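[1] Sequence and predicted structure below; questions after.
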Amino acid sequence: MSSLPLRRGVPGRCRSSASNPALPRLGNTGCQQSPPSILKGPPVSNSTASRQPARVVSTTTADDAGRLVLRLAIGLLILLHGVAKLRTGVDSIAGMLAQQGLPGSFAYLVYIGEVAAPLLVIIGVWTRPAALVIALNMVVALLLAHSAEVFKLGDQGGWAIELQALYLFGAVAIALLGAGRLSAGGTASIGRNPGGIGRWN
């Protein structure tokens, strides 16, 4: 007896021998069962899928005091250079820029890097961007005036540009650490963040 192939139809539908006498009575073998459902993981709750609250950063008084010392040291030392340039002008920087084929008017940008940015760092407002401006100012100063000393040692055995490097990496550290609570911006953000550390401060 030749077997008849089962016709694929709608899942879960049976072709019984009663509806088709040509099919032998084989119980449920004449039914095309629907495929088993794929097990899925537990549904994600709305609380899990919802946006997580912002991370709160808490600091100690010693942490904030350390940030204050670093801000005051880098800010004041850089600011003194800026004040000196306010008195004497920026002609020497303009000359170095001209030697590199750059407009001499770019020299006035030093007032941003050595006056405005240090003041913001000292006060503690927009501290992170201001510290990055100081770091960029130091990179430009190294390229213009100290590029020949980068791979040299001084007379005392130290790095020839150790002072400039301290300013540069100190500014980078301030940009990473922020101002802390002992700052104008940190005091203003204490209500939102107990650590007084915001995205820009």
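    Arrived safely, thanks for sending. As the structure is a prediction and not an experimental result, all values here were calculated from the model. Numbering: from 1, shown residues only.
[2] helix or strand for I74, which one?
    Element membership for I74 (DSSP states H and E) is helix 61-88.
[3] for the record, mean pLDDT for that helix?
    Throughout helix 61-88, pLDDT has a mean value of 95.
[4] try stretch 180-191
    On average, stretch 180-191 scores 75.
[5] where do the helices sit along this structure?
    For the chain, applying DSSP state H gives helices covering 46-49, 61-88, 91-99, 110-111, 117-123, 127-145, 162-177, 184-188.
[6] Tell me which of those lies nearest to L153.
    When these are compared by CB to CB, helix 162-177 sits nearest L153, at 9.4 Å. The C-beta positions use only the backbone N, C-alpha and C, and glycine is treated the same way.
[7] tell me the angle of the closest one relative to helix 127-145?
    Using axes from the mean of the first three to the mean of the last three CA atoms, to 10 degrees, one finds that helix 162-177 and helix 127-145 are set 160 degrees apart in direction.
[8] Low-confidence stretches in the protein?
    1-58, 188-199 (pLDDT under 70).
[9] how does it look with 80?
    When residues are selected by pLDDT under 80, those of the chain lie in 1-59, 186-200.
[10] so who does N201 touch?
    Counting by CB atoms under 8 Å, 6 or more residues apart in numbering, N201 makes contact with 124-128, 178-179, 183, 185-186, 189.
[11] Can you add distance to A98 and neighbour count and give those residues back as JSON lines?
    Formatted as JSON lines, these follow (distance: CB to CB, whole Å; neighbours: other CB atoms under 10 Å):
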{"residue": "G124", "distance to A98": "37", "neighbour count": "26"}
{"residue": "V125", "distance to A98": "35", "neighbour count": "17"}
{"residue": "W126", "distance to A98": "32", "neighbour count": "18"}
{"residue": "T127", "distance to A98": "34", "neighbour count": "30"}
{"residue": "R128", "distance to A98": "33", "neighbour count": "21"}
{"residue": "G178", "distance to A98": "38", "neighbour count": "27"}
{"residue": "A179", "distance to A98": "37", "neighbour count": "33"}
{"residue": "S183", "distance to A98": "39", "neighbour count": "24"}
{"residue": "G185", "distance to A98": "38", "neighbour count": "22"}
{"residue": "G186", "distance to A98": "42", "neighbour count": "25"}
{"residue": "S189", "distance to A98": "44", "neighbour count": "21"}
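[12] got JSON lines for those residues, with distance to P103 too?
    JSON lines is the format used below for these (distance: CB to CB, whole Å):
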{"residue": "G124", "distance to P103": "34"}
{"residue": "V125", "distance to P103": "30"}
{"residue": "W126", "distance to P103": "27"}
{"residue": "T127", "distance to P103": "30"}
{"residue": "R128", "distance to P103": "29"}
{"residue": "G178", "distance to P103": "35"}
{"residue": "A179", "distance to P103": "34"}
{"residue": "S183", "distance to P103": "36"}
{"residue": "G185", "distance to P103": "34"}
{"residue": "G186", "distance to P103": "38"}
{"residue": "S189", "distance to P103": "39"}
